[in-house]
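Colleague: model this:
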Amino acid sequence: MITLYKAPPLWGLPSMSPPCLKLETWLRIANIAYDIEIPKDFAKAPKGKIPFIDYEGKLIGDSTLIIEMLKEKEGIDPDGDLTSTEKAISLAFRRMLKENTYWGEIYIRINLEENWQVFKQTLTNLYFAGSSTPESEQFLQQVRKSISNQIYEQGMGRHSEKEICEIINADFQALSDYLADNPFFMGDKPTTLDATAYGYIANIILPPFKSMIIDRVSQYKNICQYCERMKQEFFPDYLPS
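Modeller: Next up is the predicted model:
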């Protein structure tokens, strides 16, 4: 049995972390059984972050590397029927979501003050039993500063909210155009791209944050319907919270 270490479920999502939700969705697409652990810190994490798994007594980090390892070890590949061209398109979309769209999501949570107050309270509830103390306040402010610096160094944080809105909207326009009226991104069967897409798209559309970015991307009806379809298909056991 695999043990998945992930960020907790929230907002009706199986995980409040896009990479964690990506990996858990892939496990369900691949029909691989797993247990769940919600770590309070990342001391055990082999790469200092979540998600990671315990597989045959070995801790393995990074969702992409985990998926590739499981494809080989378990002999299960949801992408096995894709052509080389389709695999290339899938990789390009997955990289876009992880290396570009993701930073817009984090910007919404961390850099916009109203949202940060909501997110900070969420973190306080999860990791400090709902009670704010000088120590927890200092810790969370350090977390915010560290992540905000990462967003700036990556480049997304150097833009205005309006500029970021245009950047992220272009991602969603591409996703919407490619998905069209298909049930899944690569056709009739879910693939690794669907695991990635659901993890990142749902984590920008569903959380209770406010931003012109969210307002814009929520207008893509086929993408919103896709998120609901993925939830019903793979996570009917997770209820709104």
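Colleague: now D54, what's its secondary structure?
Modeller: strand (DSSP: H, G, I helix; E, B strand; the rest coil).
Colleague: I'd guessed it sits against Y34; true?
Modeller: No. Under the criterion of Cβ atoms under 8 Å, D54 is not in contact with Y34, lying 9.7 Å apart. Where C-beta positions appear, they are placed from N, C-alpha and C, glycine not excepted.
Colleague: Need the residues touching each of those two.
Modeller: Taking Cβ atoms under 8 Å, 6 or more residues apart in numbering as the criterion, D54 and Y34 both touch 2-3.
Colleague: what mean pLDDT does stretch 60-75 have?
Modeller: The pLDDT scores in stretch 60-75 average 97.
Colleague: what does it contact?
Modeller: Looking at stretch 60-75 with Cβ under 8 Å, 6+ apart, the contacting residues turn out to be 19-20, 22-23, 26-27, 30, 32, 45-49, 51-55, 76-77, 98, 192, 195.
Colleague: Please state the offset of it from the chain centre?
Modeller: Remark: stretch 60-75 is offset 17 Å from the chain centroid, using Cα atoms, centre = their mean, to the nearest Å.
Colleague: Show me which residues of it are buried.
Modeller: Residues 60-64, 66-67, 70-71 are the ones in stretch 60-75 that count as buried (16 or more other Cβ atoms under 10 Å).
Colleague: do the same with stretch 135-154
Modeller: Buried positions in stretch 135-154, judged by neighbour count with 16+ other Cβ under 10 Å: 136, 140, 144, 147-148, 151.
Colleague: Mind giving me the packing neighbours of the lowest-mean-pLDDT helix or strand in the chain?
Modeller: Of all helical and strand segments in the chain, the minimum by mean pLDDT, DSSP states H and E falls on helix 113-127, at a mean of 94. The elements that helix 113-127 packs onto, with contact taken as 3 or more Cβ pairs under 8 Å, 6 or more residues apart in numbering; DSSP states H and E, are helix 102-110, helix 134-154.
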